[in-house]
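S.K.: take a look and give me a structure for this.
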Amino acid sequence: MSKPPLLSDHELKYPRYWLIWLLLGLAWLTTQLPQNGRIRAGALVGWIAYRFASRRRNITRVNLKLSFPQLDDRELEEKTRLVFRSTGIGLIETAAVWLSDPRQYRNRVKIHGLEHLQTVKNSGQGILLVGMHQATLDFAGAVLATHKPFDVMYKTNKNKLIEAVMTRGRNRNFPEAIEHKNIRKVVQNLRNGHIVWYAPDQDYGRKHSVFAPFFSLPTASITVTGRIAELTGARIIFMSHFRINNEQSYELFLTRGPEGYPSGDSYTDATALNVLIEDAVRKAPEQYLWLHRRFKTRPEGDPNPYKDI
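M.R.: As a prediction, the model looks like this:
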């Protein structure tokens, strides 16, 4: 289990945390709402962010235009609005599993391919459960863990109060939480037959990446996934998840990793994972987290698409 942050009772009362306490209280209230109420609350959060988070709105527009160049201006703006709506709903869904028991949502999530996890587990091999940054990421992961427990990789939040809440949720929902820089622990757990969940689809810079195609663009894609699989003999299972039925329920898909993975070639392996992620994104583009600068690291000579933002 991850260690609780060093935050004393006195520190919890600091004025700089008052607004966060208020927001956490409101978030907890949304967990008491029925599904329709949570969806409406999330849509409101998304609308507020769309109206006032201009930098994230512009980043989202750039990402969508790069990935879907066929969109005209009206379609691009509508897609951007839907991304923010979905992200707002995702925040409420995240609160639901951090602040309450995720087992209560099991009947809303249809899981396909759970047998893949069990088959590999029965063989004694570790499993690298590769996810992606969809809006339903935390919700789907927490619900899946109620069926088949697994470890999770995480990045520490800079805000100590938020990190304390997230630590409590991680320690309740997962057997072990591993800080994302602790690759040695990931390797150890996989060699011991654990399932470890993480999402590699972010820009971590040039040093540990290759430029593999993602939506036909050379995109900085980390190589550590293939190296870990090679070091540990772990099998890759890919996870994707979507809201369906007018946002009343969810589908979660577990599929086998790419054939011949790892291949020993970083570019080939990164490309194979990007294909899986892109195919999943195309099923519901508005449910992907386009708000971060996915294409910020460019090959030499390529312009920075976010330079004016």
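S.K.: could you measure from the most centrally placed residue in the chain over to Glu230?
M.R.: Nearest to the mean C-alpha position of the chain, by CA atoms, centre = their mean, lies His133 at 3.2 Å. Remark: distance between His133 and Glu230 (CB to CB, to the nearest Å) = 24 Å. Backbone N, C-alpha and C define where each C-beta goes, glycine included.
S.K.: could you find the closest non-adjacent residue to the residue nearest to the centre of the chain?
M.R.: Leu289 (4.3 Å; CB to CB, 6 or more residues apart in numbering).
S.K.: contacts only, for that neighbour.
M.R.: Contact analysis of Leu289 by CB atoms under 8 Å, 6 or more residues apart in numbering lists Thr87, Gly90, His133, Gln134, Ala135, Leu137.
S.K.: same check, this time on Asn63
M.R.: Trp290, Arg293, Arg294, Phe295.
S.K.: could you do Ala284 as well?
M.R.: Ala284 touches Gln134, Phe242, Arg243, counting by CB under 8 Å, 6+ apart.
S.K.: how about the strands of this protein, start to end?
M.R.: Here the chain has its strands, by DSSP state E, at 109-112, 127-130, 151-154, 177-179, 195-198, 209-214, 217-222, 235-244, 249-256.
S.K.: how about the longest one: buried residues?
M.R.: Of the residues in strand 235-244, those with enough neighbours to count as buried (16 or more other CB atoms under 10 Å) are Arg235, Ile236, Ile237, Phe238, Met239, Ser240, His241, Phe242, Arg243.
S.K.: now swap in the fourth one and tell me
M.R.: Across strand 177-179, burial judged by 16+ other CB under 10 Å covers Ala177, Ile178.
S.K.: average pLDDT across that strand?
M.R.: Over the span of strand 177-179, the pLDDT mean works out to 95.
S.K.: helices or strands up against it?
M.R.: Here strand 177-179 touches strand 151-154, helix 160-173, helix 183-191, going by 3 or more CB pairs under 8 Å, 6 or more residues apart in numbering; DSSP states H and E.
S.K.: need the winner for burial among those.
M.R.: Highest mean neighbour count of the helices and strands packed on strand 177-179: strand 151-154, a mean of 21 (counted as mean count of other CB atoms under 10 Å).
S.K.: reformat the contacts of Leu289 as JSON lines; add pLDDT and distance to Val62.
M.R.: Formatted as JSON lines, the contacts of Leu289 follow (pLDDT from 0 to 100; distance: CB to CB, whole Å):
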{"residue": "Thr87", "pLDDT": "98", "distance to Val62": "16"}
{"residue": "Gly90", "pLDDT": "98", "distance to Val62": "20"}
{"residue": "His133", "pLDDT": "97", "distance to Val62": "17"}
{"residue": "Gln134", "pLDDT": "98", "distance to Val62": "19"}
{"residue": "Ala135", "pLDDT": "97", "distance to Val62": "19"}
{"residue": "Leu137", "pLDDT": "96", "distance to Val62": "22"}
